[in-house]
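Student: okay, sequence plus prediction incoming.
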Amino acid sequence: MSGAGPELTREGAEWISPATGARWVAVIGLEVHAQLATRSKLFCPCEVAFGAEANANTCPVCTGQPGTLPALNGEAVELALRAALALGATVAPESRFDRKNYFYCDLPKNYQITQLDAPYCAGGGVTLGSGKRVRLERIHLEEDAGKSIHDQGDATLVDLNRAGVPLIESVTHADLASPEEAVEYLQALREILVYTGASRADMEKGELRCDVNVSVHPAGEPWRTKVELKNLNSFAHVAAAAEHEIRRQVAAWESGDPALEPVQETRLYDAERGVTRTMRRKEGEADYRYFPEPDLPPVTVSPARLEELAARLPELPAARRERYQRELGLSAYDAGVLTASRDVADFFEAAARLSGEPKEAANWVSNEVLRCLGDEAFEATTIDELPVRPFDLAEVIGLVKDGTLSSSGARQVLRELLASGGAAGEVVERLGLRQVQDAAQLEAWCSEALAARPAVADEVRAGNEKAVGALMGLVMKASGGKADPRLARELLLELIARGG
Ligand code: ZN
Ligand code: MN
């Protein structure tokens with residue numbers, strides 16, 4: 001770790017200084033901006049679309065022209081409420097918008113519409129695998145700013161497509177104790193947002209951005225100054241930045257030099273060099289001259305509406321994982337893989353139901369189907385883009401169960417279906433994968449094998465049943481791999497027992 005001082009050793013959540021033997025603990029809190037999955041912006045009808053031509057999705061409202069008025073997007077409120085309910089937060093019957101004033105070229109109004117004193121919800125949280133509860137302080141609604149593009153020689157370009165895009169900002173208490181816990185929390189939060197449809201939370205498109213507050217103190221002592229790491233857009237960066245910052249702060253405190261002590265500030269993470277550096281000394285709320293937004297009425301939410309929204313919430317990932325283990329007998333690991341995204345979980349459940357074989361369906365989905373995602377040969381990034389539907393997988397599972405297909409034949413059929421679609425039965429015939437179950441044909445191959453290796457029969461009769469494997473090899477070879485191995489094996493043992 002360059003510039004981070006001496007290496008610290010880790011013992012659980014404690015960071016131990018080899019120089020002094022001191023045991024340091026970290027305190028971490030997260031502020032996450034998630035983009036709501038609306039069609040249009042928060043206060044105007046402009047389309048929300050990633051990758052559009054610069055400034056194509058703008059209008060007088062989101063470019064801050066004089067005389068325009070914002071009008072709140074009902075879909076954004078609906079999605080924000082869904083996220084709040086899924087996170088167990090308490091929704092305020094009335095919330096209000098405020099103006100956060102600052103000047104920057106990507107903020108044409110010179111203020112951001114956000115919620116300061118009366119956010120739309122408070123409380124709630126996420127439970128980690130360890131059982132630890134990470135509490136949410138609040139969630140508020142706000143609009144995004146535009147984007148400044150600095151890499152154009154001397155010029156800075158401004159793209160306002162993102163200006164006015166709806167966000168929810170969720171703020172945790174400082175309940176997290178390690179970079180690993182921070183990442184686990186983010187994964188759980190992201191899952192919930194995606195499951196409820198509140199956000200697509202695609203980090204590569206900037207739909208989930210994270211600020212990390214970090215401080216360190218010797219175990220058992222009071223908390224010390226916190227530092228904010230701004231705008232981290234991948235889980236790996238969150239973990240690396242938090243770890244670097246913990247090491248940097250410990251080294252700074254241990255240096256004993258007051259000039260090096262951590263100060264309250266905002267730092268940026270430089271992913272290329274793996275270090276954080278000062279961006280600005282932290283502004284206080286006063287610097288933003290917050291005041292109530294006069295152009296928007298309060299947002300009111302009735303208990304009846306909340307009840308209706310709660311009734312329509314999907315089953316959440318943690319509940320699904322628990323059910324898969326309890327009802328379907330899956331391992332915790334398999335349940336985790338299958339629930340990592342909602343469309344995969346839905347696909348698996350449909351295949352399990354249609355085939356009546358949940359464990360088989362789980363194996364095929366996690367081993368074969370998911371492997372295709374992200375594999376360039378298949379051109380699919382989500383399970384719904386694959387040409388295979390749950391019905392097809394159930395059919396393949398059924399063909400193995402009734403002996404039509406061997407497991408390797410089934411794998412071939414599924415790969416063919418994954419690559420080009422079609423019907424399982426037709427693919428079995430086209431690829432000639434149907435196993436031979438015809439008794440007379442099987443007997444001919446078995447007799448031939450016995451004649452070729454008569455000594456094996458004696459070995460089996462002497463009690464070594466495993467020796468039959470040598471004959472199975474001959475049968476499979478003679479049949480071109482198509483003999484039903486279960487039937488062939490039974491038949492070989494029967495013929496040997498009969499002395500033939
Ligand atoms: Zn607009
Ligand atoms: Mn914010």
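Tutor: Yep, it's here. Numbers count the residues shown, from 1 in each chain. Ligands and ions are numbered 1, 2, ... in the order given.
Student: give me the below-cutoff pLDDT ranges for the stretch 251-400 of the chain.
Tutor: 282-283, 285 (pLDDT under 70).
Student: do that again at 50, thanks
Tutor: Counting by pLDDT under 50, the stretch 251-400 of the chain has no low-confidence residues at all.
Student: which stretches of it form strands?
Tutor: 265-270, 275-281, 291-292, 299-300 (DSSP state E, counting those that start in this stretch).
Student: and the third one, what does it pack against?
Tutor: Contacts of strand 291-292 with other secondary structure elements, assessed using 3 or more Cβ pairs under 8 Å, 6 or more residues apart in numbering; DSSP states H and E, are made with strand 98-101. (Glycine included, C-beta is placed from N, CA and C.)
Student: picking that back up, adding mean neighbour count and distance to ligand 1, write the strands of the stretch 251-400 of the chain out as CSV.
Tutor: Formatted as CSV, the strands of the stretch 251-400 of the chain follow (neighbours: other Cβ atoms under 10 Å; distance: least, Cβ to the ion, whole Å):
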stretch, mean neighbour count, distance to ligand 1
strand 265-270, 18, 29
strand 275-281, 14, 29
strand 291-292, 12, 22
strand 299-300, 16, 20
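Student: now those strands as TSV including distance to Tyr333?
Tutor: Formatted as TSV, the strands of the stretch 251-400 of the chain follow (distance: least, Cβ to Cβ, whole Å):
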stretch	distance to Tyr333
strand 265-270	31
strand 275-281	34
strand 291-292	51
strand 299-300	42
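Student: nearest to Leu417, out of those?
Tutor: Closest approach to Leu417 among those (Cβ to Cβ): strand 265-270, 43.8 Å.
Student: which residues touch the closest one?
Tutor: Residues outside strand 265-270 that contact it (Cβ atoms under 8 Å, 6 or more residues apart in numbering) are 227-232, 237, 240-241, 244-245, 275-282.
Student: and that strand with strand 275-281, angle?
Tutor: For strand 265-270 against strand 275-281, the angle by axes from the mean of the first three to the mean of the last three Cα atoms, to 10 degrees is 140 degrees.
Student: wait, doesn't Leu491 sit right on Ala440?
Tutor: No: in this structure Leu491 lies outside contact range of Ala440 using Cβ atoms under 8 Å: 10.8 Å.
Student: those two: who's more crowded?
Tutor: Under the neighbour definition other Cβ atoms under 10 Å, Leu491 and Ala440 were set side by side, and Leu491 has more, 19 against 6.
Student: residues contacting the more buried one?
Tutor: Contacts of Leu491 by Cβ under 8 Å, 6+ apart are Ala439, Leu442, Glu443, Cys446.
Student: equivalent analysis for Arg305, please.
Tutor: Applying Cβ under 8 Å, 6+ apart, the residues near Arg305 are Leu81.
Student: from Leu87, how far off is it?
Tutor: Applying Cβ to Cβ, to the nearest Å, the value for Arg305 to Leu87 is 17 Å.
Student: now for whatever residue of the stretch 101-250 of the chain ends up closest to ligand 1, how many residues are close by?
Tutor: In the stretch 101-250 of the chain, the residue found nearest to ligand 1 is Gly164; the distance is 5.6 Å by Cβ to the ion. Gly164 sits with 30 neighbouring residues when counted by other Cβ under 10 Å.
Student: one more: Gln412?
Tutor: Residues near Gln412, counting by other Cβ under 10 Å, number 15.
Student: what about it, distance to Asp484?
Tutor: For Gln412, the distance to Asp484 - Cβ to Cβ - is 16 Å.
Student: also Gly220?
Tutor: 68 Å.
Student: leaving aside the residues adjacent along the chain, what's closest to Thr127?
Tutor: Arg133 (5.3 Å; Cβ to Cβ, 6 or more residues apart in numbering).
Student: residues touching the one you found, list them.
Tutor: Arg133 touches Gly125, Val126, Thr127, Asp175, counting by Cβ under 8 Å, 6+ apart.
Student: by neighbours, which of those wins?
Tutor: The most crowded member of those, judged by other Cβ under 10 Å, is Val126 (24 neighbours).
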